[in-house]
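1. structure, please.
(one chain, ligands or ions: 1)
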Amino acid sequence: MSAAPLDIEDLSAGYGPTRVVEGVSFSVAAGSRLAVLGRNGMGKTSLFATLAGQTKRYGGAIRLGGRDIAREPSAARARLGLGYVPQTRDVFPTLTVEENLFVGLKGRPKTDVEEAYEMFPRLKERRRNLGSQLSGGEQQMLSTARSILGQPSVLLLDEPLEGLAPVICEELMAAFARLAQSGNMTILLVEQRIQSALDFADHVIVMERGRIAWSGTPTALARDHDTVDRLLGVGGLH
Ligand SMILES: Nc1ncnc2c1ncn2[C@@H]1O[C@H](COP(=O)(O)OP(=O)(O)OP(=O)(O)O)[C@@H](O)[C@H]1O
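-> The predicted structure is shown next:
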């Protein structure tokens, strides 16, 4: 599949009666890279879960390649090209690494798991280990690799660097950048490692209490010390 644009319009959602995503609108061009930033509890994960169809949507459109998928169930959204790697790392604990990867192939030949091993050689070393026997970082790699094997046109990555050693973070971000540059994937990234996110993205939105409080380029955000302090609270950026 090749990269698709994603257009979100006036999206509101939550859990039961509690709204945690409020009137969110943004567009991501095909093949580009959006970072979604914000302090803890501001709705970043809920936004991605809403895009993937895992919260209660109150209103708004989610257009994937021009088609509104907002009423489609999660599985249909995945079939239509929306890949989602949740923060919770949805590894199957009783399957081996390789069996977990086979699930991601969605009918492609089994030999294509080699693509995942090229991206994460560590997974090849561990291919006969059970999902439950992996470290947190290895589970993160497996969850990410499984989603990429499905060749989504839009990929949502919720804190993919959590628990990974710095050198692996760099490799992973470089791999994501290559995926986006290949024209095969549009990538949306939630990340607490602000600098990594700014290095990766071509556009940034910052969320505050379920709404978009700031939107612009990584360069503009890095220069906007007031916004960084107020919305991100990370003195380390400047
Ligand atoms: N399953 C749920 N049921 C009810 N409320 C929830 C649920 N998940 C999250 N929330 C609430 O929704 C709000 C947004 O949470 P969310 O996890 O989306 O924020 P976040 O910006 O991703 O935070 P973090 O950076 O800590 O992961 C919070 O107030 C949170 O308590």
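
2. can I get stretch 119-135 as PDB, trimmed to CA atoms?
-> This file holds the C-alpha atoms of stretch 119-135, laid out as PDB (Å, rounded to 0.1, in the frame of the first residue of the first chain):
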ATOM      1  CA  MET A 119      14.600  -3.600  10.800                       C
ATOM      2  CA  PHE A 120      15.100  -5.300  14.200                       C
ATOM      3  CA  PRO A 121      17.900  -7.900  14.100                       C
ATOM      4  CA  ARG A 122      17.300  -8.500  17.800                       C
ATOM      5  CA  LEU A 123      13.900 -10.000  16.900                       C
ATOM      6  CA  LYS A 124      15.600 -12.600  14.700                       C
ATOM      7  CA  GLU A 125      17.800 -13.700  17.600                       C
ATOM      8  CA  ARG A 126      14.700 -14.100  19.700                       C
ATOM      9  CA  ARG A 127      12.400 -15.500  17.100                       C
ATOM     10  CA  ARG A 128      11.700 -18.800  19.000                       C
ATOM     11  CA  ASN A 129      11.100 -17.000  22.300                       C
ATOM     12  CA  LEU A 130       7.600 -16.500  23.600                       C
ATOM     13  CA  GLY A 131       6.100 -13.000  23.600                       C
ATOM     14  CA  SER A 132       6.000 -13.200  27.400                       C
ATOM     15  CA  GLN A 133       9.700 -13.800  27.600                       C
ATOM     16  CA  LEU A 134      10.700 -10.600  25.900                       C
ATOM     17  CA  SER A 135      12.000  -7.400  27.600                       C
END
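
3. gap between the most centrally placed residue in the chain and the ligand?
-> Nearest to the geometric centre of the chain sits L157, at 1.5 Å (Cα atoms, centre = their mean). Distance of L157 to the ligand, given as Cβ to the nearest ligand atom, to the nearest Å: 13 Å. Glycine gets a C-beta too; all of them are placed from N, C-alpha and C.

4. shouldn't that residue be within a strand?
-> Yes: judged by DSSP: H, G, I helix; E, B strand; the rest coil, L157 forms part of a strand.

5. surely it is in contact with T144?
-> Yes: using Cβ atoms under 8 Å, L157 makes contact with T144 at a distance of 6.9 Å.

6. okay, and the common contacts of those two?
-> Common contact partners of L157 and T144 (Cβ atoms under 8 Å, 6 or more residues apart in numbering): V85.

7. contact partners for the residue nearest to the centre of the chain?
-> V85, T144, F176, I187, L188, L189, V190, E191.

8. top of those residues by neighbour count?
-> For the contacts of L157, the largest number of neighbours (other Cβ atoms under 10 Å) sits with L189, at 27 neighbours.

9. mind giving me the packing neighbours of the helix or strand bottoming out on mean pLDDT in the chain?
-> When each helix and strand of the chain is scored by mean pLDDT, DSSP states H and E, helix 166-181 comes last, with a mean of 84. Under the contact criterion of 3 or more Cβ pairs under 8 Å, 6 or more residues apart in numbering; DSSP states H and E, helix 166-181 touches strand 33-37, helix 136-149, strand 186-190, helix 194-200.
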